[in-house]
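Student: Pasted the sequence and its predicted model underneath.
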Amino acid sequence: MARKSALPPPDQLCYNAKWNESLSGDESMADRRPTTILCDSCCDLPRGLLEARKIKLIPLTVIFDTEEYKDGVDISPPEFYARVRRDGAIPHTSQITVPEYSDFFGRAVAEDGEAVYIGLSSGLSGSLNNAVAAAGLPELNGRVRVVDSLGASVGLGLIVLKAADLAEAGSSAAEIAAELGYHRATVSHLFILDTLEFARKTLAKVQGRRKAVGRLFEEMERLGANPAGRRVGVNHADDPETAAALVERFKSQYRAGEVVVGEIGPTVGSHVGPGCVSIFFEGPVNRGY
């Protein structure tokens, strides 16, 4: 039976130069080309997890005055937050360019494979448009599919891990991109900020950090999510103690199947500042995408 969904068709959710090719075909599992999963540094997933799942990453750039740093390459999260706290500087970020994407994608499919790139939400950065342009270059021959996660940080990371699950199960790049178009609408992001100096958006103004942390789970329950047996995410910006409490609550109270813990990297940290903590989870909620 075909899946019923209020979402637009997948071709309006994901981007690929040759999207119209058949998803079914007569191709056997044995004949399929391997699918590589790609993402950017805004996924905030631990490097060990990325390596274990064979996920390849391209970094964004963080800029302090005239000094440029590749996120997670030239500057680590602890170094980043130490500088922000010490200097009181508010850095800014720059997009990944089309040539950078072209090189990254080319290396990912160098051995005649396919790739799916899941990027930071197009609503937060113009990088995704550059990824789409790079994926459409003739030399890539339509072998890279670009998916707009409509998310950030470990929320993006959960979608990336779903893609890795599908790739390991033998799904093709086209099938993975199509599935992510539906899956991403079930992933919710909830966060609290330590200071409004860095805030671009806030869900609510809440008095007291402990009360704010409690509100995260109240909102999760209000949305109808049930984390039992599922993969969820927690991250923090230089606040491992609060993150550990969130992890414990997911495990003990909600019986989450897997808790992915990330540290908010320099790119996302440039917008939320030190002290931010977040939870991410799947639920029945359609976020309207």
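Tutor: Sure thing, it's come through. As the structure is a prediction and not an experimental result, all values here were calculated from the model. Numbering: from 1, shown residues only.

Student: any idea whether Phe191 is helix, strand or coil?
Tutor: Taking DSSP: H, G, I helix; E, B strand; the rest coil as the rule, one finds Phe191 in the strand state.

Student: is it in a bridge, and if so with what?
Tutor: Bridge pairing for Phe191 (DSSP bridges) gives the partners Ser278.

Student: and it, what does it touch?
Tutor: Contact partners of Phe191, counting by CB atoms under 8 Å, 6 or more residues apart in numbering, are 203, 216, 272, 276-279. C-betas here are computed from N, CA, C, even on glycine.

Student: what does Pro284 give?
Tutor: Counting by CB under 8 Å, 6+ apart, Pro284 touches 186, 224-225.

Student: From the residues you listed, list the buried ones, please.
Tutor: Taking 16 or more other CB atoms under 10 Å as the criterion, what is buried in the contacts of Pro284 is 186, 225.

Student: Show me the contacts of Pro284 that map onto strands.
Tutor: Assignment to strands by DSSP state E places none of those there.

Student: sorry, back to before: now the contacts of Phe191 in JSON lines, with distance to Gly119 and pLDDT?
Tutor: Below are the contacts of Phe191 laid out as JSON lines (distance: CB to CB, whole Å; pLDDT from 0 to 100):
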{"residue": "Leu203", "distance to Gly119": "23", "pLDDT": "46"}
{"residue": "Leu216", "distance to Gly119": "26", "pLDDT": "92"}
{"residue": "Val272", "distance to Gly119": "19", "pLDDT": "90"}
{"residue": "Cys276", "distance to Gly119": "21", "pLDDT": "92"}
{"residue": "Val277", "distance to Gly119": "24", "pLDDT": "94"}
{"residue": "Ser278", "distance to Gly119": "19", "pLDDT": "95"}
{"residue": "Ile279", "distance to Gly119": "22", "pLDDT": "96"}
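
Student: Closest to Asp165 out of those residues?
Tutor: Relative to Asp165, the closest of these is Ile279; by CB to CB it sits at 20.4 Å.
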